[in-house]
Each structure stands twice: as structure tokens, then as C-alpha cells.
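Engineer: Mind looking at a prediction? Sequence and model below.
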Number of protein chains: 2
Amino acid sequence: MRTRDENKELIVREKALEMLVLQGLDGFSMQKLAKAAGVSPATLYIYYQDKEDLILKLGIQEGKRLSEATLKNFSPEMSFADGLKIQWINRSGFWLENKQSYDLFELLRNSTYREKIFAAINVEFRAIMGQFVRNAIQKEELIPLTLEVYWSIAFAPLHNLIRFHNDGRSVGGRPYTFSEKDMWEMFALVLKALKP
Amino acid sequence: MRTRDENKELIVREKALEMLVLQGLDGFSMQKLAKAAGVSPATLYIYYQDKEDLILKLGIQEGKRLSEATLKNFSPEMSFADGLKIQWINRSGFWLENKQSYDLFELLRNSTYREKIFAAINVEFRAIMGQFVRNAIQKEELIPLTLEVYWSIAFAPLHNLIRFHNDGRSVGGRPYTFSEKDMWEMFALVLKALKP
DNA sequence: CAAATATAAATGAACGTTTGTTTATTTTAC
DNA sequence: GTAAAATAAACAAACGTTCATTTATATTTG
């Protein structure tokens, strides 16, 4: 029995990610991917059921990488300030080092694949995050607001700063490059808003 | 000379928006649009130069509507708190009443059309927003931080709350529906963070 | 140890459809 | 009657996917 060329599979994944990020969902095609990866179109159908399956598997793979990076050194038992800080370090670190993953996520979030990608997000990850917030409220480290308001203040600003950076520009087209200084200034303000 | 059927043009725009939002950029096609709008494919090429032109014009049209809605009752001379409050009212109002516009924007932002859409954003709009922030800093209603940090704290939380609402769910899949109560609770926290 | 067998991997070429766009023609309001 | 609007029909190119076939390797056999 012939063995599968794992390296070939890897190149397909890399080229698919690259092509999706650079050319968008409408610029992506199986034939173009096959050509870019140096394989026959038919080979793609050995690795994946169809085009949707390929895109979904790619999205889920990157999602798992993000989940794992986000949970590094993190525990839901931490104080809110400590936990939040680690989350910021992990998320900004991952996003800055994995621009393509970030872009793919933003792409799929606003596509028809959204529901299916979402359904595949690690249940464990969701549970841990939920527990972290409940603990913080119980320990009275958080003013009792709805989870959605917390989350929007705790993470949306960071996410937005990263977006400015990845876009290369911010409000009104101003060129922008991320800096740790900016991040920690912002972190202090977020804590100021959220602390009782 | 035969007159152009304005109503036909309107239906084309409506169906295009609907199709883009529902089926995504990769699910959108000129032939499908023509069929949905009850028009010949060739008619689309009387209205628009090509497919890109159609999508761009649609995006720019919705962008203008957002700009106009955002500037309603707003002046860059306002105090920071007042100006921010009006911005929140305007933006949340528009996004909640125009879910399709919101979705289209998110779609195009993460596509290859991004640059071109961005370039078309009202120069006047950018200038007004820039002036507003400069005024606020000068009047010492804002701690002197970079514009990007301000912006990320001042607007990203609201944007995120609207996204939770438009997605129908928030963190970990929790069902979520927007409420003014949530918004104003959040607004108070944002002001708390930004005020000296 | 080497030849034969089995079987999944991999392929190039092709399938029928759909794509964006154009052409030649007809319709319609002034 | 004129001229733009609108069309049906067609175009080549690209699409996702499948086909019949070849290639490579792990296992079986002598």
C-alpha cells in the first residue's frame, strides 16, 4: 500500500490558508489551490470530502490553535485582574504571531461558514471561560453586570487594537503599529472601568 | 427615448444586498442576481460597469448612509461625554435598524474589496471625527492617550455588543438580545475609564 | 531474501454547470 | 423616428467534482 505524503498534505493546508487570506472566499477555488500546491485537483478529494469540508477543517484547525494558545498559563480560579491580564497576553501574542489565522477567522466569521465553525469551537474552552467570569462575580472582583457587557469591555478594545495593527491603519486611515505600551495603557483603563 | 425603470434599479440593489448578506461573496453571482431581481443579466451591465463596480457601489452607498446617520445631531465642538453619547445613540440606532447594512460592512471589511471601500469613505467624516478627539484632548476632557487607544475603548465595546445582538448569541453561544439598559451601563463604564 | 500481490495514494483528463460578460435584437417612451 | 433601455442568447473561461488509470509501498508468498 502506498503511503500518504504528509508533506504534500501540509503544503495543501498552507497554500489554502494563504489563498483564502489573500484572495478571499470568492477568489478561492479547488483548481487554483491544486495548481498552487503542485497536486492534482483529484488529490484534494482524497484529503477532503469537498470544498466546504476543506475550508471548515482549516478553520477548525486554526480555532484549536487559538484556543490552546489562549488557555496557556490560565486558570478559571485566578483573580479577575490576573486572569484578564494573561488572556490579553495570550490573545495579543497569538494574533500578532499568526496574522493569517487572525485573518482567516475574521473571514469565516463573516461568511456562510460561521455557524458551522462556531459549532465546532471547543466546548471545554467555553466552559472554562464561563467559569472564570462566574468566579470573578462571586468573589466580588466584578461589579455585577451581564456577561455580555463585561466581555465587551474586557476584550473588545484589545481585539480592536489588534485589528488596527493587522489592518496597518486605524481611524481615518492613520497608519498604526501595535505596541505593548499602548496595550498596557489600555489594560489599565479597562481595569479601571471594571473594578468595583 | 425609453426611460430607465428606477424601480427596477432599486429591486436590483435590494436583491444584491440580500444575496450578499445571505449567501456571502462566494455565493453571489451576476446571473443569480439577475434571476432574483427578474431582470436580464445584460441589464445589470447597463447599471454597472462590472461585478466589482456593483459590489463597490453597494458598499459605498451603505457607507454613506452610515456616515450620515452617525453625524446626526453631532458636532465636533461638543463636550466629549455629550459627543460620545450621541455617537453611541446614532451608531447603535443605525446598526439595529439596518442589520443588512451592518452585515454587508462586516463582509466587505474582510474581503479583497476592503481597500477600495475604505478609500471611498467620506473624507469629511474622517475630518470631523479627528477634530472631535483633538478638541476633547485640548479641553482636558480626555487623558492624553493615542487616538487608537481612545477609539478602541470608546467604540469597540459598543460595536461588540451590537455584534452579539446581530449574531443572536454572545460568549460561549449564550443567546443575547440587545437592550438599552446594557448599552447605558456600558456607556457609564467607558466614561469612567476615559475621564481624567 | 526477492518476487508477487494487494491496495491506497496520486494523477491527468474530462464531466456537466456556472461564471462574468458581450452581442445582436427588440421594446418603449419621448 | 430616435435613442436609450432592456432583453434573450451566446461566449469562453473557470468552477467543483469524478473518472479511469498509474504509481508507490507494505505485506504476503515462495
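Structural biologist: That came through fine. Residues are numbered from 1 along each chain as shown, chains lettered A, B, ... in the order given.

Engineer: can you list the weak-confidence ranges in chain A?
Structural biologist: Applying pLDDT under 70 to chain A picks out residues A:172.

Engineer: can you map out the strands along it?
Structural biologist: Counting by DSSP state E, one finds no strands in chain A.

Engineer: ok now whichever helix in it runs longest, how far from the chain's centre?
Structural biologist: Counting residues, the longest helix found in chain A (DSSP state H) is helix A:51-70. How far helix A:51-70 lies from its chain's middle: 9 Å, per Cα atoms, centre = their mean, to the nearest Å.

Engineer: For that helix, name the packing helices and strands.
Structural biologist: If you count contacts as 3 or more Cβ pairs under 8 Å, 6 or more residues apart in numbering or on different chains; DSSP states H and E, helix A:51-70 packs onto helix A:6-23, helix A:80-97, helix A:99-109, helix A:114-119. C-beta here means a position set from N, CA and C on the backbone, and glycine is covered the same way.

Engineer: what's the closest of the ones you listed to DNA strand C?
Structural biologist: The closest of those to DNA strand C is helix A:6-23. By Cβ to the nearest atom of the strand, the value is 4.7 Å.

Engineer: anything in that closest one near DNA strand C?
Structural biologist: Yes. Applying Cβ under 7 Å from any atom of the strand, one finds helix A:6-23 in contact with DNA strand C at A:8-9.

Engineer: Quick check: buried residues in that helix?
Structural biologist: Neighbour counts using 16 or more other Cβ atoms under 10 Å in any protein chain shown place A:9, A:12-13, A:15-17, A:19-21 of helix A:6-23 among the buried residues.

Engineer: go on, stretch A:144-155?
Structural biologist: Residues of stretch A:144-155 classed as buried: A:145-155 (neighbour count, 16+ other Cβ under 10 Å).

Engineer: Then stretch A:57-72?
Structural biologist: For stretch A:57-72, the neighbour count (16+ other Cβ under 10 Å) marks A:57-60, A:62-63, A:66-67, A:69-71 as buried.

Engineer: domain parsing for chain A?
Structural biologist: Here chain A is described, according to automatic domain parsing, as comprising the domains A:1-47, A:63-194.

Engineer: would CSV of these with distance to B:F125 be doable?
Structural biologist: Below are those laid out as CSV (distance: least, Cβ to Cβ, whole Å):
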stretch, distance to B:F125
domain A:1-47, 26
domain A:63-194, 8
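
Engineer: right, is the longest helix of chain A up against DNA strand D?
Structural biologist: Yes. Using Cβ under 7 Å from any atom of the strand, we find that helix A:51-70 touches DNA strand D at A:51-52.

Engineer: likewise stretch A:104-112?
Structural biologist: No. Contact between stretch A:104-112 and DNA strand D is absent, the nearest approach being 13.6 Å (criterion: Cβ under 7 Å from any atom of the strand).

Engineer: Next one: that stretch, is it in contact with chain B?
Structural biologist: Yes. With Cβ under 8 Å from any Cβ of the partner chain as the criterion, chain B is reached by stretch A:104-112 at A:106-107, A:109-112.

Engineer: quick one: which of those is most hemmed in?
Structural biologist: Using other Cβ atoms under 10 Å in any protein chain shown as the neighbour criterion, A:S111 leads the residues of stretch A:104-112 next to chain B with 24 neighbours.

Engineer: quick one: contacts for it?
Structural biologist: Neighbour list for A:S111: A:25, B:24-26, B:107 [criterion: Cβ atoms under 8 Å, 6 or more residues apart in numbering or on different chains].

Engineer: Tell me which two in those residues are the farthest apart.
Structural biologist: Greatest spatial distance among the contacts of A:S111 (Cβ to Cβ): B:D26 and B:L107, at 10.6 Å.

Engineer: what about A:G38, how many neighbours?
Structural biologist: Using other Cβ under 10 Å, A:G38 has 11 neighbouring residues.

Engineer: Touching, it and A:I11? I think so.
Structural biologist: Yes. Using Cβ atoms under 8 Å, A:G38 is in contact with A:I11, at 7.1 Å.

Engineer: which one of the domains of chain A is the most hemmed in?
Structural biologist: Stretch with highest mean neighbour count among the domains of chain A: domain A:63-194 (a mean of 17; mean count of other Cβ atoms under 10 Å in any protein chain shown).

Engineer: start to end distance for it?
Structural biologist: Criterion Cα to Cα, to the nearest Å; first-to-last residue distance in domain A:63-194 is 28 Å.

Engineer: likewise stretch A:105-121?
Structural biologist: By Cα to Cα, the extent of stretch A:105-121 from end to end equals 12 Å.

Engineer: who's in contact with A:W95?
Structural biologist: Contact analysis of A:W95 by Cβ under 8 Å, 6+ apart lists A:101-102, A:162, A:166.

Engineer: wait, which of those is closest to DNA strand D?
Structural biologist: Nearest to DNA strand D among the contacts of A:W95: A:S101, at 21.6 Å, using Cβ to the nearest atom of the strand.

Engineer: so who does the residue nearest to that closest one when sequence neighbours are not counted touch?
Structural biologist: In this structure, A:S101 finds its nearest non-sequential neighbour in A:E62, 4.4 Å apart by Cβ to Cβ, 6 or more residues apart in numbering or on different chains. A:E62 sits next to A:17, A:98, A:101, A:104-105 when contact means Cβ under 8 Å, 6+ apart.

Engineer: near DNA strand D, which residues of chain A show up?
Structural biologist: A:1-3, A:28-32, A:34, A:40-42, A:44-45, A:50-52.

Engineer: Okay, and which of those residues map to helices?
Structural biologist: Using DSSP H, the subset of these located in helices is A:30-32, A:34, A:41-42, A:44-45, A:51-52.

Engineer: For those, which two are the farthest from each other?
Structural biologist: Greatest spacing in these, by Cβ to Cβ: A:A42 and A:E52 (17.4 Å).

Engineer: sorry, back to before: can you tell me which of the buried residues of stretch A:57-72 is closest to A:L189?
Structural biologist: The shortest approach to A:L189 among those belongs to A:T70, at 21.8 Å (Cβ to Cβ).
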